[in-house]
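J.: please work out how this folds:
(one chain, ligands or ions: 2)
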Amino acid sequence: MPGRDTTLYGGNTTCLEVRFESGQTVIIDAGTGIRRLGEGLQERNGMGPAALLITHVHWDHIIGFPFFATGLKPGTELLVDGHPNAMMGLQHTLDNPMGGGYFPVDIEDLEIHIKHLNRIARQPLELDGAIVDGIPLRHPQGGLGFRLREGGRTLVFITDNELADEEALEEYASFCAGADILIHDAQYAPEEMPARRGWGHSDYEAALEVARRAGVGRLMLFHHDPARTDAELKAFELLCRDLAEKRKWDVTVEAAREDAEIHLGGDSP
Ligand SMILES: [Zn+2]
Ligand SMILES: [Zn+2]
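T.: Numbering: from 1, shown residues only. Ligands and ions are numbered 1, 2, ... in the order given. All right, here's what the predicted structure looks like:
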């Protein structure tokens with residue numbers, strides 16, 4: 001929800017860009033944030049080989065696609081993978097040959113080449129030496145979380161996931177084991193959870209617990225509640241840090257901010 005109260009952490013919905021040393025780009029989700037990412041990619045003269053991985057097709061994760069796809073250079077190749085519904089969801093954001101008036105551009109008229117793989121729900125995806133694994137989400141209508149590895153570096157991205165019980169904590173901790181950073185859903189505070197059970201999101205305490213069990217030293221709180229203001233998020237971030245400190249857990253905590261850049265190891269800045 002862009003506005004006066006979201007200038008610090010940002011108000012756009014889910015979109016991440018992961019750039020690998022190989023030159024491969026992976027974009028995760030096509031929320032409203034993908035429009036500006038598209039502009040940035042054009043400024044940098046295209047994006048090289050790119051894959052778009054969709055966690056699931058709830059609107060906040062795909063609604064930016066038409067504004068991205070129509071801005072790409074003609075001939076751009078885009079690989080689509082992720083949740084089995086990914087391609088269907090992206091198609092629904094544009095108009096289709098049957099009409100309906102959703103968007104002035106028909107999916108058939110896009111001048112880019114989309115290749116739909118639909119592999120990652122069943123087996124790891126290899127992208128120029130990097131490996132991407134998927135894990136099913138505990139979220140209404142399902143979804144996928146991703147672990148991306150290149151060389152010795154690992155990033156795990158899990159959003160729209162409810163860490164509701166011991167079994168879930170264990171399952172996701174083992175998927176995250178040894179990662180350099182975990183970006184996890186932390187839409188709520190622990191005290192807000194009882195009224196939000198079954199909504200498919202987590203609180204920061206549960207996300208922190210997964211990071212601790214997985215031995216991950218860096219946690220990014222993600223998928224902020226659209227009603228949360230900058231001031232409230234700042235407090236949220238501090239509360240989670242305090243909790244880690246109080247329990248003497250060696251986990252650095254930060255709340256996701258729009259345009260934040262993270263560099264994992266290596267020499268390049
Ligand atoms: Zn969702
Ligand atoms: Zn969502």
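
J.: contacting residues for the residue in the stretch 101-250 of the chain positioned nearest to ligand 1?
T.: Proximity of the stretch 101-250 of the chain to ligand 1 (Cβ to the ion) peaks at Asp160, 3.8 Å away. C-beta: built from backbone N, CA, C; applies to glycine. By Cβ atoms under 8 Å, 6 or more residues apart in numbering, Asp160 lies in contact with Thr55, His56, His58, His61, Leu137, His139, Gly143, Asp185, Gly200, His201, His223.

J.: and it, how far from ligand 2?
T.: Plainly put, Asp160 is 4 Å away from ligand 2 if you go by Cβ to the ion, to the nearest Å.

J.: repeat that for Thr25.
T.: Counting by Cβ to the ion, the separation of Thr25 from ligand 2 is 22 Å.

J.: tell me, how many residues neighbour that residue?
T.: Residues lying near Thr25 (other Cβ atoms under 10 Å) number 21.

J.: ignoring the adjacent residues along the chain, who's closest to it?
T.: Take Thr25 and drop its neighbours on the chain: the residue closest to it by Cβ to Cβ, 6 or more residues apart in numbering is Ala50, 4.4 Å away.

J.: what's the answer for Arg197, then?
T.: Nearest residue to Arg197, sequence neighbours excluded (Cβ to Cβ, 6+ apart): Ala164, at 6.9 Å.

J.: is it fair to say that neighbour lies in a strand?
T.: No: with DSSP: H, G, I helix; E, B strand; the rest coil as the criterion, Ala164 is coil rather than part of a strand.

J.: for Glu205, see how far away it is.
T.: 13 Å (Cβ to Cβ, to the nearest Å).

J.: so which of those two has more stuff around it?
T.: Remark: of Ala164 and Glu205, Glu205 carries more neighbours, 19 against 15, as counted by other Cβ under 10 Å.

J.: which residues touch that one?
T.: Here Glu205 is in contact with Pro190, Cys240, Leu243 (Cβ under 8 Å, 6+ apart).

J.: with just CA atoms, put stretch 85-104 into CSV.
T.: Coordinates of each C-alpha in stretch 85-104 appear next as CSV, following Å, rounded to 0.1, in the frame of the first residue of the first chain:
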residue,chain,number,x,y,z
ASN,A,85,-0.6,-22.6,-11.7
ALA,A,86,2.0,-20.0,-12.5
MET,A,87,1.5,-19.6,-16.2
MET,A,88,-2.2,-19.8,-16.0
GLY,A,89,-2.1,-17.0,-13.3
LEU,A,90,0.1,-14.8,-15.4
GLN,A,91,-2.1,-15.3,-18.5
HIS,A,92,-5.1,-14.2,-16.4
THR,A,93,-3.5,-10.8,-15.7
LEU,A,94,-3.5,-9.9,-19.4
ASP,A,95,-6.4,-10.1,-21.8
ASN,A,96,-6.9,-13.3,-23.7
PRO,A,97,-8.3,-14.1,-27.2
MET,A,98,-11.8,-14.6,-25.6
GLY,A,99,-11.7,-11.0,-24.5
GLY,A,100,-13.0,-9.7,-21.1
GLY,A,101,-11.3,-6.3,-21.1
TYR,A,102,-8.8,-6.9,-18.3
PHE,A,103,-5.8,-5.2,-20.0
PRO,A,104,-5.4,-3.5,-23.3
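
J.: and that stretch, what's its mean pLDDT?
T.: Stretch 85-104 carries an average pLDDT of 87.

J.: stretch 24-31 now?
T.: 97.

J.: cool, and stretch 259-266?
T.: Average pLDDT, stretch 259-266: 88.

J.: flag every buried residue along it.
T.: Going by neighbour count (16 or more other Cβ atoms under 10 Å), the buried part of stretch 259-266 is Leu264.

J.: who touches that stretch?
T.: Counting by Cβ under 8 Å, 6+ apart, Gly10, Glu21, Gly151, Gly152, Arg153, Thr154, Leu155, Asp180, Ile181, Met220, Pro269 sit against stretch 259-266.

J.: what's the neighbour count on the residue in the stretch 1-150 of the chain positioned nearest to ligand 2?
T.: Taking Cβ to the ion, ligand 2 has its nearest neighbour within the stretch 1-150 of the chain at Asp60, 4.4 Å off. By other Cβ under 10 Å, the residues close to Asp60 number 18.
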